[in-house]
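Student: the following comprises the amino acid sequence and a computationally predicted model.
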Amino acid sequence: MPLFLMRDHPIPPVTEPLQYRAIGVVRGTYRPEDADQFTRGVLVDAEGQELEAVVLGRMLTLMRRHLAMDVPHLWVVYPRCRDAGHLHLQITGIWEPSTLQPGASDDALPEGDNYFSIRGELIYTRPETGDLVVKVRQKPRADGSRPLPFKLQLKGEIPLDQLRHFVSLDVRRQGQDLHVESHELIAPMPTRGGKGRGGARKGGGRSSRPQARA
């Protein structure tokens, strides 16, 4: 279910050392493109910034029947960056215990609004300009097919010697950009021969096959 009522946090804990993911929370008012295109629209934040958004199918009934759509909500989203400076969000859930869970009153998260957890392979970094790109793989679909990996363009400074490593990033949305607040080097990415590309792993993390997750 997209309500996240059985957890104490909308972003699930990591279960594998090399688990890919890109998920976050954005507070805003959803405004559909038009009455006949409810699944496409924009999220408008408190500053009036419009973020291109689509609603995943499982959220439609909840939004239409149970939520006041003229007020802000804290949406659980999957980020995509088709172009630099242009953020695209896929709405997959909502974090609002006070509305969806009787007796709950606190909707605040320790990380605050606009927080994202990004985990994947660092394939580009240019510290002097603060630009980097992380490749994220998606888990197989129910029919067994494998979606193509996607790339996220981020803002932040990560040294060149960490290229081709699996990284875990704490990220904050600022306008149309995602800015890295902290990062952890997990492990060098395995090559075709099964060996890493070299370099020490932070915290002595163990090597394993990367796992794609939502």
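Tutor: Thanks, I have the structure now. As the structure is a prediction and not an experimental result, all values here were calculated from the model.
Student: what sits against the spatially most central residue of the chain?
Tutor: By CA atoms, centre = their mean, the chain has its centre lying nearest to I23, at 2.2 Å. Residues in contact with I23, defined by CB atoms under 8 Å, 6 or more residues apart in numbering, are I11, V76, V77, Y78, P79, T92, F116, S117, A214. Where you see a C-beta, it was placed from the backbone N, CA and C, and this is true even at glycine.
Student: again with G24
Tutor: Shown in contact with G24 (CB under 8 Å, 6+ apart): I11, V76, V77, P79, N114, Y115, F116, S117, V171, R173.
Student: neighbours of P149, just the number please.
Tutor: Neighbourhood size, P149 [other CB atoms under 10 Å]: 14.
Student: nearest residue to it in space, please, no chain neighbours.
Tutor: Leaving out its chain neighbours, the residue that sits closest to P149 by CB to CB, 6 or more residues apart in numbering is R137, at 4.5 Å.
Student: now the phi/psi pair for the one you found, please.
Tutor: Per-residue torsions, R137: phi -100, psi 150 (degrees, to the nearest 10).
Student: buried set for the longest helix seen in the chain?
Tutor: Longest helix in the chain, counting residues (DSSP state H): helix 60-66. For helix 60-66, burial by neighbour count (16 or more other CB atoms under 10 Å) applies to L62, M63.
Student: mind checking pLDDT for R65?
Tutor: For R65, the pLDDT comes out at 86.
Student: give me the average confidence score over stretch 181-195.
Tutor: For stretch 181-195, the mean pLDDT works out to 83.
Student: can you show me the strands along the chain?
Tutor: Under the criterion DSSP state E, strands of the chain are mapped to 19-32, 40-44, 50-55, 73-83, 86-94, 115-126, 131-136, 150-155, 165-174, 177-188, 211-212.
Student: next, format those strands as TSV and append distance to A108.
Tutor: TSV is the format used below for those (distance: least, CB to CB, whole Å):
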stretch	distance to A108
strand 19-32	11
strand 40-44	19
strand 50-55	21
strand 73-83	9
strand 86-94	14
strand 115-126	12
strand 131-136	27
strand 150-155	25
strand 165-174	16
strand 177-188	18
strand 211-212	30
